[in-house]
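J.: only geometry, no sequence info:
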């Protein structure tokens, strides 16, 4: 007979324990407890931080790194990303998230933002068709530049889709304090998205199964 | 029969394990362990850091973010805040905490403080009646400005209550070293108060039940 | 009958689980697992980082904060400190740690070091008799000042004991890279020594019993 | 009889629980659970971050600190290191990792990189035979210097082996954003590689057995 243990901290971590006590008989029972990392391993978590502005809103949240188990070792499969979601305003304090545009920043792009000073600007270009004959058909870009009065940064998002001739331009003014929140949280997240948190706390390893959704999110629209 | 397990790390996390071993019979027992997150989930923790000064004291401590469980997913319900408590001095090394004034800084206000340099100053305004006809009746403000000799910052707290014509002014001089402690600890806390620590360590998720008190603390007097 | 469980993570955390299964009888056994935080709660850990120099050595390691349990709540009893131990050299790559001098930096003193730039210097004074008639009889001071060539900082330690007319002067040259290690590790430790890590990870709370030694270490010689 | 439990979080931490229930007899069974930290304690983890460039690639990953258990106390045996692996390019987007050269940065060398600004450069020298008559026979060096246009740093790696007259020179251009990733991740790792993470989270302690490989990796070729 076999019993399944799912317990304490383990439930949150989605690690289920299986008990194989087939030989659990009176006076001679030996119980063996072992664990498996199952498809339920990832806790679904929604913790966006949103900057609401006059004409648009910017929401940020991380997408987890994924590991695969190869012969007993955990191997980083895919680094995590930082999702930036831009939505237009449709009225006072109202935003249309059905029109949202997603940009998934890599760890290095996050580093560029963390290192950004008031005397610099930076631009990222994303193209899902890069390297194919359709390169340039769909493009997303983000330009981050300091405000003239140095009170913060403008986040200028652009999307061009030549398939359906749609364009989208959104500018989000980000104050110094808001940018400091990005810097703090991005700085905190970079080692985690690289999978390095697992060196410090091995139990934080997540299997890749449930994260496939995340990784395709930028281009899934 | 059923047994309840509350163990080790789990107790601190307030996660109780329940054992349902109704079929635990001799020779054929199968044991099932599962956990529930209960209302006892939050550890009550008091860890203020207080800066004691000649005419006043400033005490800081974080208020936790809260999550709700929605169909198996954890959703950030409310970001945490940083509580600043100001108390007047009543004599040498004596402070009257019954007169304390509380200001709950948002994550972005914390970011503004973290980003503050010796060539800047910053001011926050809090009004519990904002947007209602009573707006302006009660106001709290905090102005943080560098000292002339650049050896630190002045934290100027003001409260005006037009209902009972009470005013309160307190200035706390904060040295560079003390400000560095704020910067370190605020920087450490920002991702946590945003709920992002839960991406790294899902077991850190706290249910919202017991934190209601915290969130109303600034205006509960 | 009763059994004691001490397991996995719990052992490291020094949390022992006790099993009270007095009613554990055949076919009707109910098992109850609960935990106690005992005096064995603290893991003894030695992880100094030492800077070995020509004429002296400087070793650093943190002393944990302590909490007490008051009616179910954990209350910070004493913030942790950072121990700086200075030892004179007695020959090439040889240091006499029996002569070591200890300075326990407070969280704010650590903040002052973290915030220190190449255009500043800072000095700390410690006196165990401060406020008593013996004030000034024993004094320790640490002056940290930039090197002329800006390649690092000098850590000048002084101790004067007027009881036995002993004086001690030690200077440790700390390179930029070494100072960056201090800054990184102090910055990491500050929230922990304030007890704030426990907000993020409640299981990290340590009871105060075993730490008494630590807190008296600076003056125990 | 005895049973072995390896469970949940514990498996990841490689902590195995052993159950000694030799007296587990009907009606009188007392079960004792205790843990041992065994040679399986370390989770094998591979989470390199690689910067791919035109003529070469640079891959970084940490090597864990090791502790030994001395009379119940955990004592840091060896600080961790940061491995930098340099590989030459053999064609567009192709790199020959069989020719890779490894440099293991100490915590202080990591600090030097974290503290590096655009107006500085820094050089590290490693010699496995230092202090012996063969000193200088094999040398590795890394010089990190800012690009002229201040858009990043050059990582110049050199290896000279006088035994077989082999030399190797590789230059990796590292952008500001990439350098910020190094700074974030090195800064995060420094306290951990010093073993200080264990003060905060004692369960993160790793026994030294399996890490011997890591520590010899730089010179194992």
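T.: Received it, and whenever you're ready, just let me know what you need. Worth saying up front: this structure is predicted, and the values here are computed from it rather than measured. Numbers count the residues shown, from 1 in each chain, chains lettered A, B, ... in the order given.
J.: ok, now how distant is the residue nearest to the spatial centre of chain A from chain C?
T.: Nearest to the mean C-alpha position of chain A, by C-alpha atoms, centre = their mean, lies residue A:63 at 1.7 Å. Counting by C-beta to the nearest C-beta, to the nearest Å, the gap from residue A:63 to chain C is 21 Å. Any C-beta I mention is one placed from the backbone N, CA and C, and that applies to glycine too.
J.: Would you check that my belief about that residue contacting residue A:79 is correct?
T.: No. If you go by C-beta atoms under 8 Å, residue A:63 and residue A:79 don't touch, sitting 9.5 Å apart.
J.: give the contact list for residue A:175.
T.: A:151-152, B:108, B:112 (C-beta atoms under 8 Å, 6 or more residues apart in numbering or on different chains).
J.: Just these: which are in helices?
T.: B:108, B:112 (DSSP state H).
J.: Quick check: which element contains the residue nearest to residue A:96 when sequence neighbours are not counted?
T.: Excluding the flanking residues, the one nearest residue A:96 by C-beta to C-beta, 6 or more residues apart in numbering or on different chains is residue A:90, at 4.8 Å. Per DSSP states H and E: residue A:90 is located in strand A:81-91.
J.: buried set for that strand?
T.: Buried residues in strand A:81-91, counted by 16 or more other C-beta atoms under 10 Å in any protein chain shown: A:81-89.
J.: Show me what secondary structure element comes after it.
T.: Per DSSP H and E, strand A:81-91 leads on to strand A:94-95 as the next helix or strand towards the C-terminus.
J.: Does chain C have contacts with the top helix by length along chain A?
T.: The single longest helix within chain A, with elements called by DSSP H, is helix A:176-193. No. Judged by C-beta under 8 Å from any C-beta of the partner chain, helix A:176-193 makes no contact with chain C; its nearest approach is 11.2 Å.
J.: Could you point out the helix or strand that follows that helix?
T.: helix A:197-200.
J.: is that following helix up against chain C anywhere?
T.: No. Using C-beta under 8 Å from any C-beta, helix A:197-200 stays clear of chain C, coming no nearer than 11.2 Å.
J.: Quick one: list the elements packing against that helix.
T.: Contacts defined by 3 or more C-beta pairs under 8 Å, 6 or more residues apart in numbering or on different chains; DSSP states H and E place helix A:197-200 against helix D:176-193.
J.: wait, does the helix it packs on contact chain A?
T.: Yes. Using C-beta under 8 Å from any C-beta, helix D:176-193 reaches chain A at D:176-181, D:183-185, D:188-189, D:192.
J.: Residue ranges in chain A under the pLDDT threshold?
T.: Applying pLDDT under 70 to chain A flags residues A:1-42, A:204, A:206-217, A:220-221.
J.: again, only this time at 90
T.: A:1-44, A:69-73, A:93, A:128, A:131, A:198, A:200-221 (pLDDT under 90).
J.: could you pull out the helices for it?
T.: A:8-13, A:107-114, A:176-193, A:197-200, A:212-215.
J.: Could I get the residues of helix D:176-193 next to chain A in JSON lines, plus columns for distance to residue C:205?
T.: Output for those, formatted as JSON lines (distance: C-beta to C-beta, whole Å):
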{"residue": "D:176", "distance to residue C:205": "40"}
{"residue": "D:177", "distance to residue C:205": "38"}
{"residue": "D:178", "distance to residue C:205": "39"}
{"residue": "D:179", "distance to residue C:205": "38"}
{"residue": "D:180", "distance to residue C:205": "34"}
{"residue": "D:181", "distance to residue C:205": "33"}
{"residue": "D:183", "distance to residue C:205": "32"}
{"residue": "D:184", "distance to residue C:205": "28"}
{"residue": "D:185", "distance to residue C:205": "28"}
{"residue": "D:188", "distance to residue C:205": "23"}
{"residue": "D:189", "distance to residue C:205": "25"}
{"residue": "D:192", "distance to residue C:205": "21"}
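J.: how many neighbours does residue A:165 have?
T.: 7 (other C-beta atoms under 10 Å in any protein chain shown).
J.: Would you mind giving the domain segments of chain A?
T.: Domain assignment for chain A by automatic domain parsing gives A:2-37, A:49-219.
J.: what residues are up against the residue nearest to residue A:145 when sequence neighbours are not counted?
T.: Distances taken as C-beta to C-beta, 6+ apart place residue A:121 nearest to residue A:145, at 3.7 Å, with adjacent residues excluded. With contact set as C-beta under 8 Å, 6+ apart, residue A:121 has these partners: A:143-146.
J.: Going through those residues, which ones are buried?
T.: A:143-144, A:146.
J.: out of the residues you listed, who's near chain C?
T.: Among the buried ones among the contacts of residue A:121, chain C is touched by none when using C-beta under 8 Å from any C-beta.
J.: Which one of the residues you listed is nearest to chain B?
T.: Closest to chain B out of these is residue A:146 (13.3 Å), distances taken as C-beta to the nearest C-beta.
J.: is it possible to export the buried residues of strand A:81-91 to JSON lines including distance to chain B?
T.: As requested, the buried residues of strand A:81-91 are arranged in JSON lines below (distance: C-beta to the nearest C-beta, whole Å):
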{"residue": "A:81", "distance to chain B": "12"}
{"residue": "A:82", "distance to chain B": "11"}
{"residue": "A:83", "distance to chain B": "12"}
{"residue": "A:84", "distance to chain B": "15"}
{"residue": "A:85", "distance to chain B": "15"}
{"residue": "A:86", "distance to chain B": "18"}
{"residue": "A:87", "distance to chain B": "18"}
{"residue": "A:88", "distance to chain B": "22"}
{"residue": "A:89", "distance to chain B": "18"}
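J.: what's the distance between residue A:44 and residue B:174?
T.: 41 Å (C-beta to C-beta, to the nearest Å).
J.: what does residue A:120 give?
T.: Taken as C-beta to C-beta, the span from residue A:120 to residue B:174 is 30 Å.
J.: Ok, residue A:177 next?
T.: 18 Å.
J.: what does residue A:194 give?
T.: Residue A:194 is 35 Å from residue B:174, by C-beta to C-beta.
J.: So if I had to pick from the two, which one is more boxed in?
T.: Between residue A:194 and residue B:174, counted using other C-beta under 10 Å, residue A:194 has the larger neighbour count: 24 against 20.
J.: right, and the more buried one touches residue D:49 too?
T.: Yes. In this structure, residue A:194 is within contact of residue D:49 by C-beta under 8 Å, at 5.1 Å.
J.: what sits in contact with each of the two?
T.: A:79, A:107, D:181, D:185.
J.: Switch those residues over to TSV; also include neighbour count.
T.: Listed next are the shared contacts of residue A:194 and residue D:49 as TSV, based on neighbours: other C-beta atoms under 10 Å in any protein chain shown:
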residue	neighbour count
A:79	20
A:107	26
D:181	28
D:185	26
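J.: which one of those residues sits closest to residue B:202?
T.: Nearest to residue B:202 among the shared contacts of residue A:194 and residue D:49, counting by C-beta to C-beta, is residue A:79 at 19.0 Å.
J.: Contacts only, for residue A:188.
T.: Residue A:188 touches B:190-191, B:196, counting by C-beta under 8 Å, 6+ apart.
J.: Now rank those residues by neighbours and give me the top one.
T.: Going by other C-beta under 10 Å, residue B:190 tops those with 28 neighbours.
J.: I'd guessed it sits against residue B:109; true?
T.: No. Applying C-beta under 8 Å, one finds residue B:190 not in contact with residue B:109, separated by 10.6 Å.
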